[in-house]
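> okay, sequence plus prediction incoming.
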Number of protein chains: 2
Amino acid sequence: MAHGSPSRPSNFIERLGGDDRAVLMRLVQRRGIEKGGIIFNAGSPGKNVYFLESGQAKIYHLSAEGREALLWFCLPGEIFGLTEVCHGGGRQVYAQACEDSHILSVNRAVFKDFLATHPSAAMLVIDVLSCRLRSLGHVIEEMAASDVTERVFHLIMRLAANYGHRVGDDVHLDIHITHQEMANMIGCTRQSVTSTLGMLKRLDVLSFQNHHICIHRDRLPSVAPGDAAAAH
Amino acid sequence: MAHGSPSRPSNFIERLGGDDRAVLMRLVQRRGIEKGGIIFNAGSPGKNVYFLESGQAKIYHLSAEGREALLWFCLPGEIFGLTEVCHGGGRQVYAQACEDSHILSVNRAVFKDFLATHPSAAMLVIDVLSCRLRSLGHVIEEMAASDVTERVFHLIMRLAANYGHRVGDDVHLDIHITHQEMANMIGCTRQSVTSTLGMLKRLDVLSFQNHHICIHRDRLPSVAPGDAAAAH
DNA sequence: TCGATGCTGTCGGCTGGCCGACATCGGGGA
DNA sequence: TCCCCGATGTCGGCCAGCCGACAGCATCGA
């Protein structure tokens, strides 16, 4: 589940072998981007692959009515904008910086070449894509089968697994996330997230420390997703 | 969109270069499986990668309450059971034959070796995973933002793009699918699918020919997803 | 030929969660 | 210092879609 931070499973750069990393780093261009800045948007051609060097970014769909469906967050070391690289056909999603960030970009053809000549990097890409596929699969399963209370609870658990670190008996989430963003990840309204989190706080399952979620692991097992509702 | 069948984008075997294919085919074991048979289930270790030679299979999650969330269908040539190969940790999903089928299996370590030594095959895997990631992303977007009518309509369009072939002005779907299965793909009830399809049939957007959906393309543009509801 | 079984079609009643609406709180810029 | 704006917290009304229920209608094996 949660684990010390240096190498999250999604940290592409860290997990890349030293030699491969050195080669890749010679191919990238570095760029700063401020909070709220768009890195790419749906419809653009998608010429590059990106890596987040510092900060935080989010990848999301935008529906015709302006509703945002948030697929995942990127933390430092993560690769994104990958999907369009091999398949082409333009960007389908938006990438936006959630904080002041630095990104590294590589031309897609160059990156494709890099993968073709560095098999272990290609395997790592496959691994990262597999993880995301699993993760989206779980979201779909939940959106189809679970009520909002359960979805919020499991979202927190997923975030903890991907972006959390242990502090004594607790798990702290390393990402900055709003209720609206959580709602966009699980397909419900901001209000539903607010009230569910309020309930979990009342149950002492979690607390908030300077805008970051803190999960009290010792209170977890007692809260089967179903019970929670009963304890209004 | 829809296109003549020989090479669907998801047809891994077809798209693999002739030489790579020959090598791969020497590594596989062939096995028959009857309609309804489980190829693998969640929780099992996941030692193999599979290819569908003939028939049809479905990949799905099963929630604790027995609800099925259907992620995708496999037609001949498609690869599946791939996600667990690189990342390990056991199967997360179920794979079940929807018809009498033949499958080819390869040990995961052997397949990993194959990919490491055949870069273009690895690129193809990345491409296939990217397509699925996109597809699941769209499902999530819709489940978050669209009502049932729209979801059903877009599901049909997606199925047509992946599994359809042109017949004059129409598109015929090559897969066998029940209303329940469609409901499981978009997170609604069987009844909602039935009534929405009934509506689309009344609008002459589609018809049914011996259990296969047939889309009348000339009737499509007039039916913006929103209008449909108005035409009860 | 005849049940058995699974899919399709249709109908009300009920409710989880959406949608406004509004009040409060806190941090950052002028 | 104050103001502004985005985020959080709370409430009531309302409705899309779920649920149960049941009636055709094919397909299949005996």
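Sure thing, it's come through.
> is it true that A:Leu129 touches A:Phe80?
No: between A:Leu129 and A:Phe80 there is no contact under CB atoms under 8 Å: 11.4 Å. Where C-beta positions appear, they are placed from N, C-alpha and C, glycine not excepted.
> is the strand or helix carrying A:Ile126 in proximity to chain B?
When elements are assigned from DSSP states H and E, A:Ile126 belongs to helix A:119-145. Yes: for helix A:119-145 and chain B, the contact criterion (CB under 8 Å from any CB of the partner chain) is met by A:119-120, A:122-123, A:125-127, A:129-134, A:136-145.
> would you mark the buried spots in that helix?
For helix A:119-145, burial by neighbour count (16 or more other CB atoms under 10 Å in any protein chain shown) applies to A:119, A:121-145.
> what's the first helix or strand after that helix?
helix A:148-163.
> show me the shaky parts of chain A.
A:1-7, A:221-232 (pLDDT under 70).
> got the contact list for the residue nearest the centre of it?
In chain A, the residue lying closest to the centroid (CA atoms, centre = their mean) is A:Phe73, at 2.6 Å. Neighbouring residues of A:Phe73 by CB atoms under 8 Å, 6 or more residues apart in numbering or on different chains: A:56-59, A:98, A:163, A:175, A:177.
> need those in CSV with neighbour count, can you?
Output for the contacts of A:Phe73, formatted as CSV (neighbours: other CB atoms under 10 Å in any protein chain shown):
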residue, neighbour count
A:Gln56, 22
A:Ala57, 24
A:Lys58, 23
A:Ile59, 21
A:Cys98, 19
A:Tyr163, 22
A:Ile175, 18
A:Ile177, 21
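> how about the residue nearest to the centre of chain A, secondary structure?
strand (DSSP: H, G, I helix; E, B strand; the rest coil).
> what distance separates stretch A:99-117 from the centre of its chain?
Stretch A:99-117 sits 19 Å away from the centroid of its parent chain (CA atoms, centre = their mean, to the nearest Å).
> what's that stretch in contact with?
Counting by CB under 8 Å, 6+ apart, A:23-25, A:27-35, A:39, A:46-57, A:84-86, A:97, A:121-122, A:125, A:176, B:119-120, B:122-123, B:126 sit against stretch A:99-117.
> can you do 6 Å?
A:27-35, A:47-56, A:85, A:121-122, B:119 (CB atoms under 6 Å, 6 or more residues apart in numbering or on different chains).
> one more: stretch A:34-53?
Looking at what lies outside stretch A:34-53 - CB under 6 Å, 6+ apart - the contacts are A:74, A:76, A:78-82, A:84-85, A:90-97, A:99-100, A:102-106, A:108, A:111.
> that stretch close to DNA strand C?
No: Stretch A:34-53 lies out of reach of DNA strand C by CB under 7 Å from any atom of the strand, never closer than 9.4 Å.
> hmm, that stretch in reach of DNA strand D?
No: counting by CB under 7 Å from any atom of the strand, DNA strand D is not contacted by stretch A:34-53; separation bottoms out at 9.4 Å.
> quick check: end-to-end length of that stretch?
One end of stretch A:34-53 sits 13 Å from the other (CA to CA, to the nearest Å).
> likewise for stretch A:21-35?
Stretch A:21-35 end-to-end distance (CA to CA) = 27 Å.
> got the contact list for A:Tyr163?
Listed by CB under 6 Å, 6+ apart, the contact partners of A:Tyr163 are A:173-175.
> between those residues, which sits nearest A:Leu197?
A:Leu173 (12.3 Å; CB to CB).
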